[in-house]
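> have a look; sequence and predicted model below, questions after that.
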Amino acid sequence: MSHFIQSIFDLLSNLGYLGIALGLMVEVIPSEIVLAYGGYLVSIGKISFVGAVIAGTIGGLIAQWFLYWLGRYGGRPFLNKYGKYLLIQPHHIDLAQQWFSKFGSGVIFTARFIPVVRHAISIPAGIARMSFAKFSIYTVVAIIPWSILFLYLGMTLGTKWDQINQAAKPYVTPAIIIAILFTIGYVVYKWKFKKNETK
């Protein structure tokens, strides 16, 4: 682990709950790793599990609010120009927009469990001017189980929390499959609902 990364984790440790929230808001390090480290802090008694879940949820929500408002007021031209500074490439936004156009607002929940799409999906929601309250609810409902999973795995791993990617694989792959199936089910439901309305 580089000195820079280690210094970030030392800062997160010193800040406790605030450190977890900030780590997820800024996301210099992937959220899964920040949460796993949070789980490690729980395992040594530095913070509580419930407090870590709350901090993770708040930090993750604020990060997505930021992307939502960037999409809403900056639009696609702004993001094409400056998105790279937020580690979001144009093809990430393209994919997220395709998902949002195809599946509608319900994808805000399911996309949170799918790599690449999950961080960028807030942008087309903002561009489409999706209800901010609805966006926030869907986002929180998805962030909570994600935070619980990685905090729990971090607790279980203890000092080996940095092996989170290998430990999470048996859980994340089924979650992605379930999320995709849920999305398909949501689309079929919407299609049938619209079809019945036109009769």
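That came through, no problem.

> what ranges do the helices span in the protein?
Assigned by DSSP state H, the helices in the chain fall at 3-15, 17-26, 31-43, 49-69, 75-82, 90-103, 107-110, 117-120, 122-127, 132-157, 164-197.

> can you redo these as a markdown table with mean neighbour count?
Any C-beta I mention is one placed from the backbone N, CA and C, and that applies to glycine too. Shown next, in a markdown table, are the helices of the chain (neighbours: other CB atoms under 10 Å):
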| stretch | mean neighbour count |
| --- | --- |
| helix 3-15 | 13 |
| helix 17-26 | 22 |
| helix 31-43 | 24 |
| helix 49-69 | 20 |
| helix 75-82 | 14 |
| helix 90-103 | 17 |
| helix 107-110 | 24 |
| helix 117-120 | 22 |
| helix 122-127 | 25 |
| helix 132-157 | 19 |
| helix 164-197 | 13 |
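
> can I get these in CSV including mean pLDDT?
CSV is the format used below for the helices of the chain (pLDDT from 0 to 100):
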stretch, mean pLDDT
helix 3-15, 72
helix 17-26, 87
helix 31-43, 88
helix 49-69, 92
helix 75-82, 73
helix 90-103, 71
helix 107-110, 72
helix 117-120, 72
helix 122-127, 83
helix 132-157, 89
helix 164-197, 66
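
> for T159, which non-adjacent residue is spatially closest?
Closest residue to T159 apart from its sequence neighbours, by CB to CB, 6 or more residues apart in numbering: Y40 at 7.1 Å.

> thought that neighbour was touching Y152?
No - Y40 lies out of contact with Y152 (CB atoms under 8 Å); the separation is 11.4 Å.

> what residue lies at the spatial centre of this protein?
R112 (5.2 Å; CA atoms, centre = their mean).
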